[in-house]
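1. how would this look folded up:
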Amino acid sequence: MTAPNVEFVGTDAAMADLKRWADDLKPEVDKAGAPLGQRVAGTVKSRVPHLTGQLAGSVESSTDDEGIVVSLGDGVPYAGWIEFGGSRGRDYVPEGRYLYPSLLDAQDEYEQLAANTAADSIGRFRWSTPSAA
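-> Now for the predicted structure:
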């Protein structure tokens with residue numbers, strides 16, 4: 001008895017579709033996650049020390065090639081010392097005091113948001129239909 005001949009049709013089309021879907025998905029996840037990024041930025045703003053308000057005013061949320069970005073300290077020379085410490089009586093905290101912990105608190109919510117966005121997107125995506133040669 002000989003084994004049946006099995007042919008897998010559409011590998012190239014499937015790989016091309018997956019790349020197109022991933023390219024389409026990123027902006028959708030960024031858009032869906034933007035409010036979460038803004039909320040995290042608000043949390044960071046509320047947690048940093050407020051003397052002049054300059055540090056809190058430097059907190060921003062945006063998106064880039066890597067996804068949602070929340071930043072702290074642009075143009076504020078003492079931001080690193082406030083966030084990480086390490087001298088003059090302020091203990092060094094390698095993960096930071098405000099930004100990273102706030103982002104970590106939102107990690108599960110972001111992962112769920114990304115998974116939900118992907119699940120919604122996959123059903124709307126126009127997949128190609130391979131044909132046998």
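2. Could you list the buried residues of stretch 120-133?
-> Ser121 (16 or more other Cβ atoms under 10 Å). All C-beta atoms are positioned from the backbone trio N, CA, C, and that covers glycine.
3. Work out the gap between that stretch and the centre of the chain.
-> 26 Å (Cα atoms, centre = their mean, to the nearest Å).
4. again with stretch 105-121
-> 9 Å.
5. ok, and what's touching that stretch?
-> By Cβ atoms under 8 Å, 6 or more residues apart in numbering, the list of residues contacting stretch 105-121 from outside reads 21, 24-25, 28-29, 32-33, 36, 39-40, 43, 68.
6. show me where pLDDT drops low in this structure?
-> 130-133 (pLDDT under 70).
7. From the chain's centroid, how far away is the longest helix seen in it?
-> Secondary structure assigned by DSSP state H gives helix 11-47 as the longest helix of the chain. Relative to the chain's own centre, helix 11-47 is displaced by 6 Å; criterion: Cα atoms, centre = their mean.
8. Which other helices and strands does that helix contact?
-> Under the contact definition 3 or more Cβ pairs under 8 Å, 6 or more residues apart in numbering; DSSP states H and E, helix 11-47 sits against strand 60-64, strand 67-71, helix 99-124.
9. filter the contacts of stretch 105-121 to the buried ones?
-> Buried members of the contacts of stretch 105-121, scored by 16+ other Cβ under 10 Å, are 21, 25, 29, 32-33, 36, 40, 43, 68.
10. Pick out the most distant pair among the residues you listed.
-> With Cβ to Cβ as the measure, no two of the buried ones among the contacts of stretch 105-121 lie farther apart than Trp21 and Thr43, at 32.3 Å.
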